[in-house]
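A.B. asks: Here is a sequence together with a model predicted from it:
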Amino acid sequence: MSELVGKQKLIVGLGNPGDAYEKTRHNIGFLVVKAFANKIGISWRPESRFCSEVAKGVVNGVGVHILLPLTYMNRSGLAVKRYFDYFKFTPEELIVVSDEIHLEFGEIRLKAFGSAGGA
């Protein structure tokens, strides 16, 4: 992917690892990015140095890194920051997929900036 320097995205699916959480609303980030990786035909590999599972590929000429932090939801920022910094992503290249209690199930919202608590 070296020819794609400057054309990349980091897509992070937030959730919790383990069977107990697998099909819960809180794991919608994991479910969405897994479905996306499957659709574009890329596979996952464990990356212990990032406490995550990672899938990499190219979509429409853009290098795509998909990250599933395995640190549980409340500590996922640690894994994301480590990966983000290591590959020198910019904030504009980051996409985070997570659940949002203030939206009806099945609804999505895209926004460039925000904060916790549904804002």
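C.D. replies: Nice, I can see it.
A.B. asks: Quickly find the element holding Lys39.
C.D. replies: Under the criterion of DSSP states H and E, Lys39 resides in helix 28-40.
A.B. asks: for that helix, packing partners?
C.D. replies: When contacts are defined as 3 or more Cβ pairs under 8 Å, 6 or more residues apart in numbering; DSSP states H and E, helix 28-40 sits against strand 8-13, strand 52-59, strand 62-69, strand 94-97. All C-beta spots, glycine's among them, are computed from the backbone N, C-alpha and C.
A.B. asks: roughly how far is the worst-scoring helix or strand of the chain on mean pLDDT from the heart of the chain?
C.D. replies: In the chain, no helix or strand scores lower on mean pLDDT, DSSP states H and E than strand 94-97, which sits at a mean of 93. Averaging C-alpha positions (Cα atoms, centre = their mean, to the nearest Å) puts strand 94-97 6 Å from its chain's average.
A.B. asks: what sits up against it?
C.D. replies: Outside of strand 94-97, the residues within contact range by Cβ atoms under 8 Å, 6 or more residues apart in numbering are 9-14, 28-29, 32-33, 80, 84.
A.B. asks: Let's have the residues you listed in TSV, adding distance to Ile40, neighbour count and pLDDT.
C.D. replies: TSV is the format used below for these (distance: Cβ to Cβ, whole Å; neighbours: other Cβ atoms under 10 Å; pLDDT from 0 to 100):
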residue	distance to Ile40	neighbour count	pLDDT
Lys9	12	15	97
Leu10	15	20	98
Ile11	11	21	97
Val12	16	23	97
Gly13	14	26	96
Leu14	20	23	94
Ile28	19	20	91
Gly29	17	22	93
Val32	13	18	93
Val33	11	24	96
Val80	21	22	97
Phe84	21	20	97
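A.B. asks: Can you say which two of the residues you listed are spatially most distant?
C.D. replies: For those, the maximum inter-member distance is 21.2 Å, found between Ile28 and Phe84 (Cβ to Cβ).
A.B. asks: pLDDT weak spots in this structure?
C.D. replies: In the predicted model, the chain carries pLDDT under 70 at residues 1-6, 105, 113-119.
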